[in-house]
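Colleague: This is a predicted model, with the sequence first.
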There are 2 protein chains.
Amino acid sequence: MSHSFSVEFRHRVIFTRGLLTPENPALIEALRGGSNRLVAFIDAGFADAHPDIEARLAAKLLAAPDAPRLTACHIVPGGEQCKNNRTLVDAVVAAAEEHHLCRRSWVLAIGGGAVLDAVGYGAAISHRGVRLVRVPTTVLAQDDAGMGVKNGINRFNKKNFEGTFAVPWAVLNDADFLTTLPDRFWRGGFSEAVKIALLKDASFFDEIEGKANAVRERDMAAALPIIERCAQLHLEHIVRGGDAFELAQARPLDYGHWAAHKLEQLTEHRLTHGEAVAIGVALDTEYSAQAGHLPRESSDRVIGCFATLGLSTWHPSLDDPRLLSGLEEFREHLGGNLCVVLLNAIGDSFETDIIDPMIVRMASARLRDTQSIAADRR
Amino acid sequence: MSHSFSVEFRHRVIFTRGLLTPENPALIEALRGGSNRLVAFIDAGFADAHPDIEARLAAKLLAAPDAPRLTACHIVPGGEQCKNNRTLVDAVVAAAEEHHLCRRSWVLAIGGGAVLDAVGYGAAISHRGVRLVRVPTTVLAQDDAGMGVKNGINRFNKKNFEGTFAVPWAVLNDADFLTTLPDRFWRGGFSEAVKIALLKDASFFDEIEGKANAVRERDMAAALPIIERCAQLHLEHIVRGGDAFELAQARPLDYGHWAAHKLEQLTEHRLTHGEAVAIGVALDTEYSAQAGHLPRESSDRVIGCFATLGLSTWHPSLDDPRLLSGLEEFREHLGGNLCVVLLNAIGDSFETDIIDPMIVRMASARLRDTQSIAADRR
C-alpha cells in the first residue's frame, strides 16, 4: 500500500504599525477562533527597550472581550545563546503543561529570530503543536526568519541541528518595533534582502543599492518597502515553491549561507546571523566572479552595496582553515549532494555541486583587500 | 497576506513475511534513493527473542550493493518506559550527529509502538527530519501505532505530551515477527481492531467476533486478515480523512482512549496500551448502552468478544476517583471542546461533548460484575 496525501496549511503575515495601540485590530483578529489561553514569551532585549510591553499586551487583550487572556508572560534572554541549550524550549513545554494549553491555545513569541526559533520549537512539540503567533522585533526576523516554516535549536555546536518544520499561525510585523533596535541589528537585517534580490529580482537589488545610504541612516520610509519586499519574496518561495518542508531535494534560499553558518560557529556567534550572511553572500558573489560566472562589475556593486549599508564583507575567520568544513556541514544538514548557489548575474542564479577551495581563498583575499581599502578611505 | 499551501506526503505500508530472508525485496526497495547511511534501533524485547537480528539485518543490507550500510545498530530497552524520559530520543539525535546522518539518511526502528514513537521522535527532530523506516514487531504496532503519522514521548506523567506529526518513510509489517510475541502482547493488539470495527465496519466486528477463539489461540491464518484490515482502516482514516495532522478539530480514532490513557497513567503502565484500550472501549461501549444509545445486546457482544480474545474489560483503577480527570486531559491534548465518541450501533458512532460521571460509574460497575461472572465460570 502506498498512499499520497496532502496537508493544507495557512500562512498569515501582516505588516502593520502600532500593533498594541487600542485601535489596531491585527492582533485580536489573528487570535480568533482558538482557546482563551495565551502564554507570551518576550525577548529581554526588546523588553528592555519597551518596559511597558507586558502591560500594553495585557491591556490590549483585556480590551477585547473575545480575545484570549494573557495567562502568563515570560521575559526571556534572547540572541543566539537561547538556542544553544534546552532552557527556553523546555520553558515553553513546561508552560504548556502548567497553564493547560491545548492545541487551540496560543503561544505568542515577541522577539528576534533566535527567540522565535526556540519558542516556536517548544510550541511545535507541545501536544504536537500549539498555535504560534510570531511578533518579530528585528529587521532580520521581520524580513526573513519570521516568514519561515521552521524552528529549532543548535546542538553539538551545529546550527539548527534539532527542530521541526511547522507553520506559524500568524506573523505580525510591527515597523514601530524596529525603531528601538540597536544599529548593528538594524543594519544586519538587510543582508537577507540583498541575498534574495541577488537570487530573484535584479530591480529589487537596484532599489536596495539606491536606498542603501538612507537605509543605513535609518530612514524608515526608505527601509520599510525593502523589508516588506524581502519578506514577501521569502514567503512566496515557501508557499509557492512546492516544497515548503524541504522533502524533495532541499532548496531553501540559502545563498551564501554555508559560509555564514560556519562563520557564526567559528566566531561563537560574535558575528550576528545578519552580519555573517553579508560576509557569506559577499564571498559567494566574489567567488562567482573569480570563477568566471559573474561580471566583475556586478560583484563590485554587491560588495559596494554592503559597504554602504554599513555591513562588513570580510572577517578574519574567513581565513580559518576550518571554514571549508562548513560546506560538508551544510550538505549534511540539507541532505543529498552538495548544492551551492552561485550567480551568473544579479537576479540570475544557478546551482553547483563543486566548490573549488582555491577560488574560495582567492575570493576571501579580495574581500579582505577591498575591506582594507574601504577602511583606509574612512 | 494570507497564503494557503499544501505539502504532499507519501505513506508506504508493506505487509510481508520473512522480511530479512535473502529473497524478500521489501526492505531493500523501501531504502532506495537515499544516502548510504542507516542507523538501526532495535527493541531489546524483540532482540532477546531474535538474537540474530542484527547479524541478519547487516547481511541483508550487505547483500544488496545499492542499499545503505548498517552504519550503527543499537539495542534499546523498549516498552512504555522508553517514552518516560529523553534517553532514547537523545540517543537517536546523538547518533544522527555522530554518524553524520542527513535528511536523506535512514533511521530504522524495529520494535513495539513505544520504541517506534520515541525513535521516530528523535528522527523527526534531527535536521528537522531524517527518513524513518518502521518495522513494528507487535500486533498493536502493526495494526495501529505503526500506521500513525505521529511520534512522541510522555512528559509530566502525560502520555505523548511532547512530540510531532511526521510521516514515516515506510512501514514494513512482518507477520513472522509476531510469532515470538508474548501472549499478553499478542492479545492486547486486537483491542484496536475491535475499536476500529466498532467505529467503522460492523462486518469487520462480526469477523473478529467469529475468529476470536482462534485469534486467542494464535492461529495466524485467522489473525493476519484482522491485523491487515485494522491497519488498513487506520491508514485510510489518516490519508483519506483530510486532516492527517489534526489541524482542524482533531478527530483521531480515539474511541475509548480517554479512559485508556488515564488507566495507563494510574497503573503506571502495568496495563499495556492494548489492555487499557480494551477496558476503555468496553467502558465507552457499556456507557453507550447505559445512556440509551446502544442496544444492550450489542454492548454485551463487545464485552463478550473481548473476553473471548482473552482481554479483561475491567480493572480496579476504573473505580479510582481520578479516572474522570482523564476526560479533561484528553480534551486538553486534542484541543477545543471535549469530544468523546459513543456508539449508536456496532459500526455507527457519534460524538458528544458531555459525559455523565454517574453513567461512567454505572458502566464501570457493570463491567466489574460481568468480569466477576466470567471469572467464576472459568
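Modeller: Yep, that arrived.
Colleague: alpha carbons only for contacts and neighbour counts from here, please
Modeller: Noted.
Colleague: Now the residue nearest the centre of chain A. Its backbone dihedrals?
Modeller: With distances taken as CA atoms, centre = their mean, residue A:145 lies nearest the centre of chain A, 2.6 Å away. Per-residue torsions, residue A:145: phi -60, psi -40 (degrees, to the nearest 10).
Colleague: now it, nearest residue through space, not along the chain?
Modeller: Nearest residue to residue A:145 in three dimensions, chain neighbours excluded: residue A:113, at 5.7 Å (CA to CA, 6 or more residues apart in numbering or on different chains).
Colleague: isn't that neighbour right up against residue A:135?
Modeller: No - using CA atoms under 8 Å, residue A:113 is not in contact with residue A:135; the gap is 9.8 Å.
Colleague: any shared contact partners between those two?
Modeller: Listed contacts common to residue A:113 and residue A:135 are residue A:146; contacts here mean CA atoms under 8 Å, 6 or more residues apart in numbering or on different chains.
Colleague: Any stretches of the stretch 51-200 of chain A with poor pLDDT?
Modeller: Within the stretch 51-200 of chain A, no stretch falls below the threshold (pLDDT under 70).
Colleague: all strands of it, in order?
Modeller: For the stretch 51-200 of chain A, the strands defined by DSSP state E, counting those that start in this stretch cover A:69-76, A:106-111, A:131-136, A:153-155, A:158-162, A:170-174.
Colleague: Of all those strands, which one comes closest to chain B?
Modeller: Closest to chain B of the strands of the stretch 51-200 of chain A, according to CA to the nearest CA: strand A:158-162, at 5.0 Å.
Colleague: Identify the residues contacting that closest one?
Modeller: Here strand A:158-162 has contacts from A:151-155, A:261, A:265, A:333, B:93, B:125-128, using CA under 8 Å, 6+ apart.
Colleague: give me that answer again for 6 Å
Modeller: Residues outside strand A:158-162 that contact it (CA atoms under 6 Å, 6 or more residues apart in numbering or on different chains) are A:152, A:153, A:154, A:155, B:125, B:126, B:127.
Colleague: Could you do stretch A:6-18 as well?
Modeller: With contact meaning CA under 6 Å, 6+ apart, stretch A:6-18 is reached by A:170-176, B:1-9.
Colleague: Those residues, buried ones only, as a ChimeraX selection?
Modeller: Only the buried entries of those go into this ChimeraX selection, using 16 or more other CA atoms under 10 Å in any protein chain shown:
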select /A:170,171,172,173,174,175 /B:5,6,7,9
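Colleague: how about the residues of the stretch 151-300 of chain A near chain B?
Modeller: The stretch 151-300 of chain A comes close to chain B at residues A:161, A:162, A:163, A:164, A:239, as judged by CA under 6 Å from any CA of the partner chain.
Colleague: Among the residues you listed, which one is most surrounded by other residues?
Modeller: In terms of neighbours by other CA atoms under 10 Å in any protein chain shown, those top out with residue A:164 at 28 neighbours.
Colleague: Distance check, that one against residue A:287.
Modeller: 32 Å (CA to CA, to the nearest Å).
Colleague: For the strand or helix carrying residue A:258, output the C-alpha coordinates as CSV.
Modeller: Secondary structure assigned from DSSP states H and E places residue A:258 in helix A:257-266. Extracted C-alpha coordinates of helix A:257-266, given in CSV (Å, rounded to 0.1, in the frame of the first residue of the first chain):
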residue,chain,number,x,y,z
HIS,A,257,24.8,30.5,4.0
TRP,A,258,27.3,27.7,4.0
ALA,A,259,30.0,30.2,5.0
ALA,A,260,27.6,32.3,7.1
HIS,A,261,26.6,29.4,9.3
LYS,A,262,30.3,28.4,9.7
LEU,A,263,31.3,32.0,10.5
GLU,A,264,28.7,32.2,13.2
GLN,A,265,30.1,29.0,14.7
LEU,A,266,33.8,29.9,14.4
